[in-house]
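J.: based on what follows, work out the 3D shape:
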Amino acid sequence: MKFLFAILSISIIAIVGSRLSFYKRRLPLGFRYILLVGTEYIFIGAILGQMGFNFIDDQAVDLLEPALLFGLGWIGFLFGLQFEVKQLRALPRYYFTITAIQALITFILVFFPLYFLLKLFFKDTDIHLFSAALTLASAACCTAQSALAIVSRAHKFKNRGLAELLRYISSVDGLFGILFFTVALSIIPGMKESGFEWLVSFKWLALSISMGVVSALILFSLTNRKLSQDELLLFLIGTVLFCAGLAHTIHHSPLVSGLICGILFANFSHHRIRALTIVVHAEKSIYIMLLLILGASWSFKPDFSLTLMVAYFLLRLVGKMTGSFIAVKSFPPRYSVPRYLGLGLIPEGGLAIAIIVNFKLHTVIGIANTMITIIVLSVLISELIGPFFIVKLFREKE
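T.: As a prediction, this is how the structure comes out:
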């Protein structure tokens, strides 16, 4: 009965929530952004879950795992669909270089200090702490795309070059986050007591990529003719389900496999625009569903997790500021860019949450709950303050 209630309540909230809009509401900018991206659904899930009324208990959460897998695969596929090589080539190449340098420096500055902090607070195996630090550092690379969009609706900025650069970085640095996360997951199988086995990690990585390739080939074979919108939707859902389920069955990442499938479909199928329209239209309800399940499984305790969250947030802020500063100094754009470009990259967004959810499916519960606390609270803070710093960044140059 509880499981039936869980399915019903999550479905109703996801459908209703996907149809709400907060663009024109008279709310403070930070709160309007939180409501726009849906972070509040994590707390609604927590109220329905073990921290609240326990309507969605641990058993129900376990039974809802296929929905989580599908949601991760769908998010990965959507993210991959955005990376059409022709579109990326139309923009200056140094945009990609700036993004890569910024993401790499952020990853390094978050990973090493956080790894040592985790060793102080956890008596877990090095492999779990190492992979946890790698995962958090990967999530730190991601920047929310929607923050700049909602700020642009409320304010008109003259520096269009800066807006374009920020839009590019926030769209592409998540790709580096997933790439780093993929490497993190591939390292785990190769870490043995006798030493690190490169061949095992390489096989894991190759298999993870191949699952995305196979899924893309299946989708190509299904869509190589004229299709109605309903047929295309059916094939997309079926392929993402297959891709995510296959990945999880053999202990791989549905997020990564979905990403690879999406990138291949974006660059080799003439149905890309139609597919992107369908996936974007369904994305919000699927994302809300994922947030609700995450919230229901979250077990927050006001302990050292808060200390780690503050450390993570500050390290990520330093990484974004330092990385963007070094990148822009090394490859200066032709227009005016403020020294504190990293202030425009504070909002963290849903991709970071998806990375942590994916990690939770691969690891022990104790450290996973701490990681969820770190990311959820960090995302909440970044969404509150991020839009104000974006406004400040543009006004500084006007």
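
J.: export only the CA atoms of stretch 234-243, formatted as CSV.
T.: Taking Å, rounded to 0.1, in the frame of the first residue of the first chain, the C-alpha atoms of stretch 234-243 are listed here in CSV:
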residue,chain,number,x,y,z
LEU,A,234,8.2,5.8,-27.7
PHE,A,235,11.5,4.9,-29.2
LEU,A,236,13.4,7.5,-27.1
ILE,A,237,11.8,6.2,-23.9
GLY,A,238,12.5,2.6,-24.8
THR,A,239,16.1,3.3,-25.7
VAL,A,240,16.9,5.3,-22.6
LEU,A,241,15.3,2.6,-20.5
PHE,A,242,17.4,0.0,-22.2
CYS,A,243,20.5,2.1,-21.9
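
J.: report pLDDT for the spatially most central residue of the chain.
T.: By Cα atoms, centre = their mean, the chain has its centre lying nearest to residue 351, at 1.0 Å. pLDDT recorded at residue 351 is 90.

J.: what residues does residue 60 make contact with?
T.: By Cβ atoms under 8 Å, 6 or more residues apart in numbering, the contact set of residue 60 is 2-3, 6, 296. Glycine gets a C-beta too; all of them are placed from N, C-alpha and C.

J.: kindly recompute the last result at 7 Å.
T.: 2-3, 6 (Cβ atoms under 7 Å, 6 or more residues apart in numbering).

J.: try residue 245
T.: Contacts of residue 245 (Cβ under 7 Å, 6+ apart): residue 69.

J.: which residues sit against stretch 167-177?
T.: 79, 82-83, 91, 95-96, 98-100, 102-103, 138-139, 141-145, 148, 345, 351, 355.

J.: walking through the stretch 151-300 of the chain, point out its strands one by one.
T.: 191-192, 195-196 (DSSP state E, counting those that start in this stretch).

J.: leaving out chain neighbours, which residue sits closest to residue 205?
T.: Of all residues not flanking residue 205 in the chain, residue 186 sits nearest, at 4.2 Å (Cβ to Cβ, 6 or more residues apart in numbering).

J.: if I look at that neighbour, how far off is residue 367?
T.: Separation of residue 186 from residue 367 (Cβ to Cβ, to the nearest Å): 19 Å.

J.: ditto for residue 243
T.: Taking Cβ to Cβ, one finds residue 243 at 27 Å from residue 367.

J.: what of residue 261?
T.: Distance from residue 261 to residue 367, by Cβ to Cβ: 29 Å.

J.: more crowded one of the two?
T.: Shown here are residue 261 and residue 367; by other Cβ atoms under 10 Å, residue 261 has more neighbours (29 against 20).

J.: the more buried one against residue 243, yeah?
T.: Yes - taking Cβ atoms under 7 Å as the definition, residue 261 is a contact partner of residue 243 at 5.4 Å.

J.: mutual contacts of the two, please.
T.: Common contact partners of residue 261 and residue 243 (Cβ under 7 Å, 6+ apart): 212, 215.

J.: helices and strands of the chain: which one has the lowest mean pLDDT?
T.: The least trusted helix or strand in the chain, going by mean pLDDT, DSSP states H and E, turns out to be helix 29-37, with a mean of 50.

J.: so residue 336 sits in a helix?
T.: No - assignment of residue 336 by DSSP: H, G, I helix; E, B strand; the rest coil gives coil, placing it outside any helix.

J.: coming back round to it: pretty sure the residue nearest to the centre of the chain contacts residue 143?
T.: No - using Cβ under 7 Å, residue 351 is not in contact with residue 143; the gap is 8.7 Å.

J.: so where do the helices sit in the stretch 1-150 of the chain?
T.: 2-18, 29-37, 40-48, 58-63, 65-81, 85-89, 93-121, 126-140, 146-154 (DSSP state H, counting those that start in this stretch).

J.: of the ones you listed, which approaches residue 252 most closely?
T.: Among these, the nearest to residue 252 by Cβ to Cβ is helix 65-81 (11.1 Å).

J.: buried stuff in the closest one?
T.: Residues 67-81 are the ones in helix 65-81 that count as buried (16 or more other Cβ atoms under 10 Å).

J.: closest to residue 182 among the residues you listed?
T.: Nearest to residue 182 among the buried residues of helix 65-81, with distances taken as Cβ to Cβ, is residue 76, at 10.7 Å.

J.: what sits against that closest one?
T.: By Cβ under 7 Å, 6+ apart, the neighbours of residue 76 are 254-259, 262.

J.: can you check residue 51 too?
T.: 298-300.

J.: I'd like these written out as TSV, with pLDDT added.
T.: Listed next are these as TSV, based on pLDDT from 0 to 100:
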residue	pLDDT
298	88
299	84
300	82
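
J.: any chance of these in TSV, with neighbour count too?
T.: Output for the contacts of residue 51, formatted as TSV (neighbours: other Cβ atoms under 10 Å):
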residue	neighbour count
298	21
299	16
300	18
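
J.: for the protein, which spans come out with low pLDDT?
T.: 1, 20-38, 152-157, 192-195, 364-365, 396-398 (pLDDT under 70).

J.: now with 50, please.
T.: 22-24, 30-35, 398 (pLDDT under 50).
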